[in-house]
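>>> Give me the fold of what follows.
(one chain, ligands or ions: 1)
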Amino acid sequence: VQHVNENHARVCQSPEWAAYLQDEVLGPLLANVDLGAQLLELGPGPGAATDWLRHRVDRLVALESDAEAAAKLAARFGGTNVEVVVGDATALDYPAASFDSVGSFTMLHHVPTLAQQHAVLAESARVLRPGGVLVGSDSLASASLHEFHADDVYNPIDPAILLTLLRGLGFAELTVHLGHALSFVARTQGPDREAGRGEDDA
Ligand SMILES: C[S@@+](CC[C@H](N)C(=O)[O-])C[C@H]1O[C@@H](n2cnc3c(N)ncnc32)[C@H](O)[C@@H]1O
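Next up, the predicted model:
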């Protein structure tokens, strides 16, 4: 299991990072997005997004590949609506249509290959119920971000490729926002649009 380097340990645990992620990324991105009751968060790390997201849902499953980080997170959120599990987002151990929403924040650029990033998105699509929503954000490629990731996985996804992959996976409604960072909201085809409906409309 790949651990993030010391820069992440320092920055991602800081109150400044949590404030940035919550106020500048999550707030605007999810202002008009209903996350439903059951949310799966991929790669929660120290939990900056978890602590904001958990107030928007009944139950949040936080799936983290780093066992040490997961243990810390479980201690932090003990007795809350957060359930921490150790697992790999490229191969989820949940049946199809288990969640209303899936979230991945500052996580995709830690997934080493495009094929594995595709697997994360495909698994997200699989475990979402029809009409469920995938939400996420990530850093855009830059020289300083590359430097920050010395001796660590650094594979920022190209926004145009992300859009293409999400479309290929059958997400029906897509918003990709590019600003300081990359953020996205992608909804799976809803139950009201299944084959058969609209036959009489022709
Ligand atoms: C930079 S941290 C981001 C933490 C948090 N989401 C945030 O935005 O502050 C990325 C996290 O993703 C986790 N991660 C990387 N690949 C993963 C995978 N395949 N499955 C689950 N978690 C993964 C890493 O262990 C790390 O904790």
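>>> quick one: residue 173 and the ligand, what's the gap?
Separation of residue 173 from the ligand (C-beta to the nearest ligand atom, to the nearest Å): 24 Å. Any C-beta I mention is one placed from the backbone N, CA and C, and that applies to glycine too.
>>> Distance check, residue 182 against residue 91.
Computed as C-beta to C-beta, to the nearest Å, the residue 182 to residue 91 distance reads 24 Å.
>>> Show me which of the two is the more surrounded one.
Set side by side, residue 182 and residue 91 show more neighbours around residue 182, with 22 against 10, by other C-beta atoms under 10 Å.
>>> need the helices for this structure, in chain order.
6-11, 15-19, 27-30, 50-53, 67-76, 114-127, 143-148, 159-168 (DSSP state H).
>>> in the fifth one, what counts as buried?
When you say that, I think you mean helix 67-76. Buried residues in helix 67-76, defined by neighbour count with 16 or more other C-beta atoms under 10 Å: 69-70, 72-74.
>>> Might you report the residue contacts of the residue nearest in space to the middle of the chain?
Most central in the chain under C-alpha atoms, centre = their mean is residue 104, positioned 1.1 Å from the mean C-alpha point. By C-beta atoms under 8 Å, 6 or more residues apart in numbering, residue 104 lies in contact with 41-43, 89, 120, 124, 134-136, 138.
>>> From residue 49, how far off is it?
To residue 49, residue 104 is 9 Å away according to C-beta to C-beta.
>>> Mutual contacts of those two, please.
By C-beta under 8 Å, 6+ apart, the residues touching both residue 104 and residue 49 are residue 41.
>>> How far off centre is stretch 153-162?
14 Å (C-alpha atoms, centre = their mean, to the nearest Å).
>>> does the ligand sit close to it?
No - using C-beta under 6 Å from any ligand atom, stretch 153-162 stays clear of the ligand, with a minimum separation of 7.6 Å.
>>> and that stretch, what's its mean pLDDT?
For stretch 153-162, mean pLDDT is 91.
>>> Pull out the buried positions in it.
Buried residues in stretch 153-162 (16+ other C-beta under 10 Å): 154, 156-157, 159, 162.
>>> what's it in contact with?
The contact list for stretch 153-162 (C-beta under 8 Å, 6+ apart) reads 2, 108-114, 117, 121, 138-141, 145-146, 176, 178, 182, 184.
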